[in-house]
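K.L.:
dropping the sequence and predicted coords here.
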Amino acid sequence: MDFLSDDLQHYIEIHTSAENDLLKKINRETHAQVLKSRMLSGQVQGRFLSMISKMIKPNAILEIGTYTGYSAVCLAEGLQPGGKLITVDVNEELENRVRNYFKESGFDSQIDFRIGDARKIIPTFTEPFDLVFIDADKENYSLYYDLVIDKVPSGGIILADNVLWSGKVVEPKPGKDTQSILEFNSKIQNDLRVENLLLPLRDGVMMIRKK
């Protein structure tokens, strides 16, 4: 995941808008108290998610993979009045922590946090989503994409995280998770329904716009 030198990463961070107090708290507590803290989006990617959301001005957002809620709070910053963000995660152990963060965020009434298997939950949704963020188990990325693509209107955006998988996508002998990412990236590249841009942001973000 660390493609840039520490000095260059620091330069990027000091020239990117700062986190607010709650996001700093989530960042700090996640790194101190939660396993696999590198999964947290962090300042630069978080500001990217926030800016994309503010540009789209979505009425409905779907996030697949909540973790500790950092990215959900960032995405919610662009919601229209009365808009809704649905975020789905399978990890029950983090539920209370995440719900408390959402209460502090001021977006609690707009965030619908669901615990369960996204593969079963997503098919129950009938509403369209202007913005989708996929950041869950890598082996199901292609499935999640298939489940959401028809729920995204023309002009809608899908973002998928970790599509460079710490640079392993260019290694000669990919492992299981890497192979899943390779298949997903190829699937998007060859889908005529969309246009796409792979951004070397943090661990790689695939930006997909439905035609």
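P.N.:
All right, it came through fine. Residues are numbered from 1 along each chain as shown.
K.L.:
what segments of this structure are helices?
P.N.:
In the chain, the helices defined using DSSP state H lie at 6-14, 21-33, 42-56, 70-76, 95-105, 118-121, 141-148, 176-189.
K.L.:
packing partners for the shortest one?
P.N.:
Meaning helix 118-121. In terms of contacts (3 or more C-beta pairs under 8 Å, 6 or more residues apart in numbering; DSSP states H and E), helix 118-121 is packed against helix 141-148. (Glycine included, C-beta is placed from N, CA and C.)
K.L.:
any idea how far the residue most central in space within the chain lies from Gln179?
P.N.:
Geometric centre of the chain, nearest residue: Phe133, 4.0 Å, by C-alpha atoms, centre = their mean. Distance from Phe133 to Gln179, counting by C-beta to C-beta, to the nearest Å: 22 Å.
K.L.:
which residues are in contact with Ala72?
P.N.:
Each residue near Ala72 by C-beta atoms under 8 Å, 6 or more residues apart in numbering is listed here: 63, 66, 85, 87, 102, 111, 113.
K.L.:
if I look at the second one, how far off is Ala136?
P.N.:
Going from Thr66 to Ala136 by C-beta to C-beta gives 9 Å.
K.L.:
common neighbours of the two, please.
P.N.:
In contact with both Thr66 and Ala136: Asp89, using C-beta under 8 Å, 6+ apart.
K.L.:
ok, Lys84 to Ile56 distance?
P.N.:
Note on Lys84: its distance to Ile56, by C-beta to C-beta, is 14 Å.
K.L.:
ugh, wrong one, I meant Gly175
P.N.:
Going from Gly175 to Ile56 by C-beta to C-beta gives 34 Å.
K.L.:
of the two, who's got more company?
P.N.:
More crowded of Gly175 and Ile56, by other C-beta atoms under 10 Å: Ile56, with 18 against 11.
K.L.:
look up the pLDDT of the more buried one for me, please.
P.N.:
pLDDT for Ile56: 97.
K.L.:
surely it and Leu131 touch.
P.N.:
Yes: using C-beta atoms under 8 Å, Ile56 is in contact with Leu131, at 5.4 Å.
K.L.:
what residues are shared contacts of these two?
P.N.:
78, 157.
K.L.:
okay, now the unreliable bits of this protein?
P.N.:
Filtered on pLDDT under 70, the chain yields the residue ranges 1-2.
K.L.:
not counting its neighbours along the chain, what's nearest Gly65?
P.N.:
Ala136 (3.4 Å; C-beta to C-beta, 6 or more residues apart in numbering).
K.L.:
residue most distant from the centroid, the chain?
P.N.:
Taking C-alpha atoms, centre = their mean, the residue of the chain most remote from its mean C-alpha position is Pro172, at 27.4 Å.
K.L.:
contacting residues for Ile188?
P.N.:
Contacts of Ile188 (C-beta under 8 Å, 6+ apart): 145, 160, 194, 196, 206, 208.
K.L.:
can you say which of the residues you listed are buried?
P.N.:
145, 160, 194, 206, 208 (16 or more other C-beta atoms under 10 Å).
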